[in-house]
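Participant: Sequence first, then the predicted structure:
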2 protein chains.
Amino acid sequence: MMNVNVLRLDHRIGRDTRITTHVCLTSRAFGASKIYLSGEEDHKLMENVRDTADRWGGNFEIEYAKNYMGVINKWKDNGGKVVHLTMYGSQAHEIVSEVQKSSADILIVVGGAKVPGKVYKSADWNVSVTTQPHSEVSSLAVFQHLLMDGKEFDLEFENPVFEVIPTAHGKNVNIHDENR
Amino acid sequence: MMNVNVLRLDHRIGRDTRITTHVCLTSRAFGASKIYLSGEEDHKLMENVRDTADRWGGNFEIEYAKNYMGVINKWKDNGGKVVHLTMYGSQAHEIVSEVQKSSADILIVVGGAKVPGKVYKSADWNVSVTTQPHSEVSSLAVFQHLLMDGKEFDLEFENPVFEVIPTAHGKNVNIHDENR
């Protein structure tokens, strides 16, 4: 299966902390193996995301990348393709099968406050999830859902401490103390 | 088509402002006609969402509801059904066709920091989008996407000032000054 990474641009400590945290956790839950964070270096956020990922299993990675164009260019040099999520791009449901058919590893770029033109230019696809304003978190989730053909529901995260067993009412959580 | 409303619980001014704003805009972009906000009454947030909705068209409504159980009970009294999004619930992809087949109007409840047991009990369906922690924004978006069968991409928002024309590179926005 293709490897999916996410690159979050232009993080600002404080103002973006919760949104970027949600971007990180969404990336992981929907099948990305790694996220690169650009903008301000936020050690506390990265530590929190690592803690959550440790407790819930799998091998999600998070790395600070001051030079986001370096991440994009290296990805492309290695044969990967780049999807930039922007409300101005091609509609996701129309473009996703083309992305899947490329069989390349995919770097999904999630914008910040202002995205420079070079990001649009370097992307193989500029992709929009509806033409309406909403959220980088919802755009990322729905695009990953489409890219995965809904397989995010079947993902397994190895060696979790917490494992939710879906249930119609109440809460059912297996706690694996051996994985602490 | 079913009418979809969203109820956001336990909003906290400041701490939740951006996340709740994204919940509001996601609700609208994915086809809900109205959102109820509970928790702290946040006039500025509501004004900002109304401004955005006005500029981008359609008839999205936002209303403060101090008594969220009142909203839930009234919805059910009127024959509507209630979906509560929680990471502990039944998996969304397994339950969504049952929700669609009910042909009822749907109130989607999006939790806050702590959700009391009576919300779980009053919901017709407690629904999870994956069993992993991520974001109420991504849960809402993906659940609405599933509920709409992807039709959110075809929604039309009447009388917008701004109208994005999807484009592979750059930005293409029609500005309708007559709708200001």
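Facilitator: Ah, there it is.
Participant: just for chain A, where's the confidence low?
Facilitator: For chain A, applying pLDDT under 70 flags no range at all.
Participant: where exactly do the helices run in it?
Facilitator: In chain A, the helices defined using DSSP state H lie at A:17-29, A:43-56, A:68-77, A:92-101, A:117-122, A:136-147.
Participant: Could I get the contacting residues of the closest residue to residue A:91 other than its chain neighbours?
Facilitator: Counting by C-beta to C-beta, 6 or more residues apart in numbering or on different chains, residue B:166 is the residue found nearest to residue A:91 once chain neighbours are left out, at 5.0 Å. Every C-beta, even on glycine, is put in place using the N, C-alpha and C of the backbone. Residue B:166 sits next to A:88-91, A:94, A:128, A:131, B:172 when contact means C-beta atoms under 8 Å, 6 or more residues apart in numbering or on different chains.
Participant: Stretch A:140-159: which residues count as buried?
Facilitator: For stretch A:140-159, burial by neighbour count (16 or more other C-beta atoms under 10 Å in any protein chain shown) applies to A:140-148, A:152-153, A:155, A:157.
Participant: Next: stretch A:2-14.
Facilitator: Within stretch A:2-14, the residues scored as buried using 16+ other C-beta under 10 Å are A:4-11.
Participant: wait, isn't residue A:64 in contact with residue A:37?
Facilitator: Yes: between residue A:64 and residue A:37 there is a contact at 5.5 Å, judged by C-beta atoms under 8 Å.
Participant: shared neighbours of those two, which are they?
Facilitator: In terms of C-beta under 8 Å, 6+ apart, residue A:64 and residue A:37 are both contacted by the residues residue A:46.
Participant: between the two, which one's more packed in?
Facilitator: Using other C-beta atoms under 10 Å in any protein chain shown as the criterion, residue A:64 and residue A:37 rank with residue A:37 on top: 26 against 15.
Participant: which ones are touching the more buried one?
Facilitator: Counting by C-beta under 8 Å, 6+ apart, residue A:37 makes contact with A:8, A:11, A:20, A:24, A:45-46, A:62-65.
Participant: ok, 10 Å please
Facilitator: With contact set as C-beta atoms under 10 Å, 6 or more residues apart in numbering or on different chains, residue A:37 has these partners: A:6-11, A:16, A:20, A:23-24, A:45-46, A:49, A:62-66, A:68.
Participant: Report the contact partners of the residue nearest the centre of chain A.
Facilitator: Nearest residue to the geometric centre of chain A (C-alpha atoms, centre = their mean): residue A:27, 2.8 Å. By C-beta under 10 Å, 6+ apart, the residues touching residue A:27 are A:4-8, A:33-35, A:49, A:60, A:62, A:108, A:110, A:137, A:140-141, A:144, B:134, B:138.
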